[in-house]
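K.L.:
Predicted model and sequence below, questions to follow.
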Amino acid sequence: MLRKISIRNAKRQSREYSLYFITLACTVSFMYAFNTLVFSDMLKTFSGTEILPYMIVAASLLVVFVMGWIVGYMTNFILKKRSRELSIYMLSGIPNRSVSRLVFYENTLIGACAFALGLPVGILLSQILESVLDHMFGIKYTFRLHFSWNATGLTLLYFLAILLHAIRKNRKWVRKVSVHDLLIYDRQNEKSPVTSNASAAVILIISVLSGCMGVFLITTLPLGDGYDILIGIICLALF
C-alpha cells in the first residue's frame, strides 16, 4: 500500500521533485565522470605526471563531499515543502513509522531514476574531462564512448552512501516528530551551524589562512611535481 502511495506521490509531486531529481542526476554524472578518470588507462600516457592520479582522486572526493552536502540539503528542503501533507497523513491515523517509510520509498524511487539518467550524461561528461586533460598535455583528443564497470560500481557506492545518509536522517526525524512540529516546520528558519562568536571567528581565521595558503602554493609552485597544486586545491576547498 505504501509503495503505491509512494509512486502516486512521486508522480503528483513531480513538479516539486524536479529540482531534487536534477540534483541527484547531476551528482551521479559528476561522480561517474571523475571516477572514470580514476580508472582510466589514459593517465599512463602522460609522462612526468605521477601526481595527476592523486589530484583526480582528490577532485573526485571533493565532488562527493560537495554533492553530498547539496543532496542532504535538498532532501531536507523537500521534506519541509511536504511537511503539511505528511502531517495530514498523521492526523488521518497513519503512524509516524509508516510515514517515514513512505518518505523512504519516494526518495529511493526518485534516486533510482536519477541514477539511470545520470549515468549516460556522466559518460559524455567524462569525455569532456578527457578532452580537457589531452588539451593540457598537448595530446590529440579522439572522441570515444567508453563505459567503465569499475567507475559505475564506485559511483553507485558513493551515491547510495550519500542518498541513504540523507534519507536516514530525515526518516529518523519523521519517526519522532509530533504533528504540531510538522505543521510549523515549513515556517521555521534554518539554524546556524555556528552558535558562538568565538567559534565563528576561529572558523573565519582558518578559512582565510587556508585560502591564502592555497593561492600561494598554486601561484608560486614551491614544492614541484604537482604536489603544490594538489595541496593548494585542498586548501582552497577548505577555504
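P.N.:
Nice, I can see it. Predicted model, so just to flag it, every value in this text is computed and none were measured.
K.L.:
Quick test: name the residue nearest the centre of the chain.
P.N.:
By CA atoms, centre = their mean, the chain has its centre lying nearest to residue 67, at 2.0 Å.
K.L.:
now that residue, nearest residue through space, not along the chain?
P.N.:
The spatial neighbour of residue 67 that comes closest, neighbours along the chain excluded (CB to CB, 6 or more residues apart in numbering), is residue 27 at 4.2 Å. In short, each C-beta sits where N, CA and C put it, glycine included.
K.L.:
Flag every buried residue along the helix or strand where that neighbour lies.
P.N.:
Per DSSP states H and E, residue 27 falls inside helix 14-39. Within helix 14-39, the residues scored as buried using 16 or more other CB atoms under 10 Å are 17, 20-21, 23-38.
K.L.:
Also stretch 62-72?
P.N.:
With burial defined by 16+ other CB under 10 Å, the residues of stretch 62-72 counted as buried are 63, 64, 67, 68, 70, 71, 72.
K.L.:
Of those, which is the nearest to residue 219?
P.N.:
Taking CB to CB as the measure, residue 219 lies nearest residue 63 of those, at 24.0 Å.
K.L.:
elements contacting the helix holding residue 27?
P.N.:
Contact here means 3 or more CB pairs under 8 Å, 6 or more residues apart in numbering; DSSP states H and E; on that basis helix 14-39 packs against helix 52-81, helix 96-136, helix 149-176.
K.L.:
mind running it again at 10 Å?
P.N.:
Here helix 14-39 touches helix 2-12, helix 52-81, helix 96-136, helix 149-176, going by 3 or more CB pairs under 10 Å, 6 or more residues apart in numbering; DSSP states H and E.
K.L.:
I'd guessed the residue nearest to residue 67 sits against residue 75; true?
P.N.:
No - in terms of CB atoms under 10 Å, residue 27 does not count as a neighbour of residue 75; the distance is 11.6 Å.
K.L.:
Find residues that contact each of those two.
P.N.:
Here residue 27 and residue 75 have 111, 162, 163 as joint contacts, going by CB atoms under 10 Å, 6 or more residues apart in numbering.
K.L.:
and the gap between the spatially closest residue to the last one that is not a sequence neighbour and residue 175?
P.N.:
When you say that, I think you mean residue 163. Excluding the flanking residues, the one nearest residue 163 by CB to CB, 6+ apart is residue 111, at 4.8 Å. Residue 111 sits 20 Å away from residue 175, going by CB to CB, to the nearest Å.
K.L.:
How many residues are close by residue 149?
P.N.:
By other CB atoms under 10 Å, 8 other residues sit near residue 149.
K.L.:
do the same with residue 178
P.N.:
Using other CB under 10 Å, residue 178 is surrounded by 10 other residues.
K.L.:
Can you verify my assumption that it contacts residue 90?
P.N.:
Yes - with contact defined as CB under 10 Å, residue 178 and residue 90 form a contacting pair (8.6 Å).
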